[in-house]
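# Sharing a model prediction with you, sequence too.
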Number of protein chains: 2
Amino acid sequence: MSSDNLSLTLSALAHPARRSILARLTTGELTVAELSEPFDMTGPAITKHLNVLERAGLIERLRDAQRRPCRLRPGPLKDVFDLVQPYRRFWGESFDRLDELLAEQGAENDN
Amino acid sequence: MSSDNLSLTLSALAHPARRSILARLTTGELTVAELSEPFDMTGPAITKHLNVLERAGLIERLRDAQRRPCRLRPGPLKDVFDLVQPYRRFWGESFDRLDELLAEQGAENDN
DNA sequence: ATCGTATGTTACTATATAGTTAGATAACCA
DNA sequence: TGGTTATCTAACTATATAGTAACATACGAT
């Protein structure tokens, strides 16, 4: 399963329901019931998705009586940003033929 | 397994060996043997990782006699960038307490 | 005290992932 | 032709993921 933090974060993001949950949490805390509502999924399935997100540090669980609202913890997303950031130079120019870019880069940074 | 493209890309990235392979491909094409070298892993294991990367569109396999060099295809990484991009406003300010930000946002964008 | 709502836990199924060893394929080299 | 190098496929194991149904717990309301 590769349990380093970044791998945990990426595999947590690798499910549309979990990405959708995160997106909805940007507007504030939501309860499990509220989060479940848009999905055709049973309660336990949602609970498991929330556990995955929590284990990755992407959400925090609170207490409000019998409710357990979730709050976004965006920290680990920065690591994802930092992962893809160095590749920005590659897209937008030659998607299919990287050769020239690699040549340029090879010139300035000999490996 | 959630086979939409973005999910495929994210779960392909959710393994340190595969991220390392991608990083090494930024300096040019490499053969399977060259890619295997830094890892304590058998050939078939590497082949499987390459298949995962290829299925996600992150690499391309070429032919050079009996060699099958790999080339980076950075396109799908842009989608990952676009995924995390909107969350940038959340980190760097209040990691733990999102409340003020949410309050601001709630004011301008009533949901 | 009991009821109902909200959420979590357990046990189970099916499929996917990550790795192994052993064998198959393919292309070059002598 | 036969051998070597490079890579992939097949079969297998162990563990993880995504879902279900059924049950348990926790808390507020009546």
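Here it is on my side, so go on.
# Tell me which residues are up against the lengthiest helix in chain A.
Taking DSSP state H as the criterion, chain A has its longest helix at helix A:43-55. Residues outside helix A:43-55 that contact it (Cβ atoms under 8 Å, 6 or more residues apart in numbering or on different chains): A:8, A:11-12, A:15, A:17-18, A:21-22, A:32, A:35-36, A:39, A:59-61, A:70. In this view, the C-beta of every residue, glycine as well, is placed from N, C-alpha and C.
# close to DNA strand C, is it?
Yes. Using Cβ under 7 Å from any atom of the strand, helix A:43-55 comes into contact with DNA strand C via A:43-44, A:47, A:50-51.
# Which one of those is nearest to B:Val80?
Using Cβ to Cβ, the shortest approach to B:Val80 within these belongs to A:Leu50, at 22.2 Å.
# How about the residues of chain A by DNA strand C?
Close to DNA strand C, as judged by Cβ under 7 Å from any atom of the strand, chain A has residues A:1-2, A:31-34, A:36, A:43-44, A:47, A:50-51, A:61, A:66-69.
# Enumerate every residue touching the residue most central in space within chain A.
What sits nearest the mean C-alpha location of chain A, by Cα atoms, centre = their mean, is A:Leu13, with 3.8 Å. Going by Cβ under 8 Å, 6+ apart, A:Leu13 touches A:19, A:22, A:58, A:80, B:10, B:83.
# Can I get the residues you listed in a markdown table including distance to B:Arg89, secondary structure and neighbour count?
Output for the contacts of A:Leu13, formatted as a markdown table (distance: Cβ to Cβ, whole Å; DSSP: H, G, I helix; E, B strand; the rest coil; neighbours: other Cβ atoms under 10 Å in any protein chain shown):
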| residue | distance to B:Arg89 | secondary structure | neighbour count |
| --- | --- | --- | --- |
| A:Arg19 | 17 | helix | 19 |
| A:Leu22 | 14 | helix | 21 |
| A:Leu58 | 16 | coil | 25 |
| A:Val80 | 15 | helix | 20 |
| B:Leu10 | 21 | helix | 26 |
| B:Leu83 | 14 | helix | 20 |
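# From the residues you listed, pick the one nearest DNA strand D.
Distance to DNA strand D across the contacts of A:Leu13 (Cβ to the nearest atom of the strand) is lowest for B:Leu10, with 10.0 Å.
# Which strand residues bridge the closest residue in space to A:Arg24 that isn't next to it in sequence?
Excluding its sequence neighbours, the residue lying closest to A:Arg24 (Cβ to Cβ, 6 or more residues apart in numbering or on different chains) is A:Leu30, at 6.2 Å. With DSSP bridges as the criterion, A:Leu30 is bridged to A:Cys70.
# ok, A:Leu30 touching A:Pro69?
Yes. A:Leu30 lies in contact with A:Pro69 (Cβ atoms under 8 Å); the separation is 6.3 Å.
# what does chain A put close to DNA strand D?
Residues of chain A lying near DNA strand D (Cβ under 7 Å from any atom of the strand): A:1, A:11, A:14-15, A:17, A:40-45, A:48-49, A:52, A:65-66.
# which residues sit in contact with A:Tyr87?
A:Tyr87 touches B:26, B:74, B:77, B:81, counting by Cβ under 8 Å, 6+ apart.
# May I have the secondary structure class of the third one?
Same thing as B:Leu77. Counting by DSSP: H, G, I helix; E, B strand; the rest coil, the backbone at B:Leu77 sits in helix.
# pLDDT wise, what is it at?
Confidence at B:Leu77, expressed as pLDDT, is 96.
# Report the separation between it and A:Tyr87.
Per Cβ to Cβ, to the nearest Å, B:Leu77 is found 5 Å from A:Tyr87.
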